[in-house]
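**Q** What shape does this take:
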Amino acid sequence: MIIVLISIAALIALVLILAALQSNWFAISRDITINRPVEEVFDYLRHIRNMEQYNKWVMTDPQQKTTLSGTDGQAGFIYAWDSQNKNAGKGEQEIKQVIPNQKIHLEIRFEKPFKGVSEAILTTEPVAAGQTKVTYTFQGAKNFGMKIAHLLFGLEKILGKDLDTTVKNLKARLEA
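**A** Sure, this is the predicted structure:
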């Protein structure tokens, strides 16, 4: 019995040590090529309300309450949500920067189910005539709890799968 307890304690200590050694920052990106001109793709992306049609996280609860302030597509616009669905939670995202036909930088402030601040960056670049590469990056600081989750559950795998779904939804929506 003592050997089992020592083994469990050693395993827990190993997880804690490995978590402590991880980077304090994460960045997960996915990209896709869309058969539409960069101007058309960018104009769609910069309007945050459009995320209701392609973003896996925003689409989690179609019944969530949303509050909008500012002018959608411009720096300072805030899209706030509040959901009874624990997977959607409560928070807001704000457009921090818009560089026409190149980049949209969002700050995402989570309140529920956990407090935290992350960033989403959407970039567009022409690939060929009528084709645009979109890169969606989700990044932020990792607190100790996130480090443990990353180690035990594969944070990048989980979030990466959601980003894959999001960019595929975007492509399907814009190419329809």
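**Q** Where is the longest strand in this protein?
**A** What stands out as the longest strand in the chain, according to DSSP state E, is strand 116-128.
**Q** Now tell me what touches it from outside.
**A** Strand 116-128 is contacted from outside by 33, 37-38, 41-42, 45, 93, 101-110, 132-141, 143, using C-beta atoms under 8 Å, 6 or more residues apart in numbering. Placement of C-beta: from N, CA and C, glycine included.
**Q** Contact partners for I48?
**A** Per C-beta under 8 Å, 6+ apart, neighbours of I48: D72, G73, F77, Y79, Q93, I95, L106.
**Q** just the buried members of those?
**A** Among those, the ones that count as buried by 16 or more other C-beta atoms under 10 Å are G73, F77, Y79, Q93, I95, L106.
**Q** Of these, which is the nearest to I8?
**A** Using C-beta to C-beta, Q93 is the member of the buried ones among the contacts of I48 that lies nearest I8, at 40.8 Å.
**Q** Can you check the pLDDT for A129?
**A** With respect to pLDDT, A129 scores 91.
**Q** Next, work out how far apart it and R36 are.
**A** A129 is 11 Å from R36, where distance means C-beta to C-beta, to the nearest Å.
**Q** Looking at those two, which has the bigger crowd around it?
**A** Higher neighbour count among A129 and R36: R36, with 17 against 6, using other C-beta atoms under 10 Å.
**Q** Now for the closest residue to the more buried one other than its chain neighbours: which residues touch it?
**A** Leaving out its chain neighbours, the residue that sits closest to R36 by C-beta to C-beta, 6 or more residues apart in numbering is L174, at 5.2 Å. Residues near L174 by C-beta under 8 Å, 6+ apart: I34, R36, E40, V41, Y44.
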